[in-house]
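Novice: Sequence and predicted structure below; questions after.
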Amino acid sequence: RKEVEQDPGPFNVPEGATVAFNCTYSNSASQSFFWYRQDCRKEPKLLMSVYSSGNEDGRFTAQLNRASQYISLLIRDSKLSDSATYLCVVNPAGGTSYGKLTFGQGTILTVHP
Amino acid sequence: GAVVSQHPSWVICKSGTSVKIECRSLDFQATTMFWYRQFPKQSLMLMATSNEGSKATYEQGVEKDKFLINHASLTLSTLTVTSAHPEDSSFYICSATPLLHSLSYEQYFGPGTRLTVT
């Protein structure tokens, strides 16, 4: 089983649509969780951290369910500029894993007019 | 703030030659830098963790004699791909954790270096 699994998509949605991405992780002791965005041939950029209480940043809402080891990202009112690959990222637990990030394979989103 | 640069941004080299990639934190100090590799349509895979003033820690399956890492200062880490072969062609990305934020896991990524070995 992969450490971090995502539905690779691709998701093709019209502008204004709401789209949700899911992610599961295998290490129940994982400490921190993030969503990154990566544009084609560019480096990943942090979109938002994910907290147990859930958090929202404008049109983006992230949720974490530790019991199910499940992370989600909801994008409302999709814009053309949201087209990118969305990476679910987990920091594994302790020891020599300190500071390391494990990336999911990414979910491709294309928003069309 | 928190800008990370990489040089070169792209490089084409012949099989058997060595290529050095630099990763610099421009406006902060970083005790730890990370080197990733990304093949087409795949996600980032951590290659090694680079610590200033000490030897790098390599992930399983990454040859330390082939991918030489030097973290000589708090703002510079270098990755040298020795005796490069076509299968080493990939997108190499570094990241850095600011010294003052060492208790968090936020990493800032460089723009990446696209290596093509012919």
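Specialist: Cool, the structure landed.
Novice: Could you give the secondary structure assignment for A:Gln105?
Specialist: At A:Gln105, secondary structure determined by DSSP: H, G, I helix; E, B strand; the rest coil is coil.
Novice: Pull the number of nearby residues for it.
Specialist: For A:Gln105, the count of nearby residues is 19 (other C-beta atoms under 10 Å in any protein chain shown). To be clear about C-beta, it is placed using only N, CA and C from the backbone, and glycine gets the same treatment.
Novice: Now it. Nearest residue, chain neighbours left out?
Specialist: Nearest residue to A:Gln105 in three dimensions, chain neighbours excluded: B:Ser43, at 4.5 Å (C-beta to C-beta, 6 or more residues apart in numbering or on different chains).
Novice: That neighbour belongs to a strand?
Specialist: No. The assignment for B:Ser43, made by three-state DSSP, is coil rather than a strand.
Novice: show me the contacts for it.
Specialist: A:Leu87, A:Phe103, A:Gly104, A:Gln105, A:Gly106 (C-beta atoms under 8 Å, 6 or more residues apart in numbering or on different chains).
Novice: could you check the distance from it over to B:Leu79?
Specialist: 19 Å (C-beta to C-beta, to the nearest Å).
Novice: Spell out which parts of chain A neighbour chain B.
Specialist: Listed as neighbours of chain B in chain A under the rule C-beta under 8 Å from any C-beta of the partner chain: A:31-32, A:34, A:41-46, A:49, A:87, A:91, A:96, A:99-106.
Novice: are any of these buried, and which?
Specialist: With neighbours counted by 16 or more other C-beta atoms under 10 Å in any protein chain shown, the residues of chain A next to chain B contain buried members at A:32, A:34, A:43-44, A:49, A:87, A:91, A:99-106.
Novice: out of those, who's nearest B:Thr116?
Specialist: Distances from B:Thr116 to those, taken as C-beta to C-beta, are shortest for A:Glu43 (17.9 Å).
Novice: surely that closest one meets B:Gln107?
Specialist: No. Counting by C-beta atoms under 8 Å, A:Glu43 sits too far from B:Gln107 to count as a contact (10.6 Å).
Novice: tell me which residues in the one helix or strand B:Lys20 maps to are buried?
Specialist: Element membership of B:Lys20, judged by DSSP states H and E, is strand B:19-25. Across strand B:19-25, burial judged by 16+ other C-beta under 10 Å covers B:Val19, B:Ile21, B:Glu22, B:Cys23, B:Arg24, B:Ser25.
Novice: where does the chain have low pLDDT?
Specialist: In the absence of a named chain, this looks at chain A. Within chain A, the ranges that satisfy pLDDT under 70 run A:93-99.
Novice: My question was about chain B, not that one.
Specialist: For chain B, the ranges with pLDDT under 70 are B:1, B:100-105.
Novice: Flag every residue of it that's near chain A.
Specialist: Close to chain A, as judged by C-beta under 8 Å from any C-beta, chain B has residues B:32, B:34, B:42-46, B:49, B:57, B:91, B:93, B:95, B:97, B:102, B:104-107, B:109-112, B:114.
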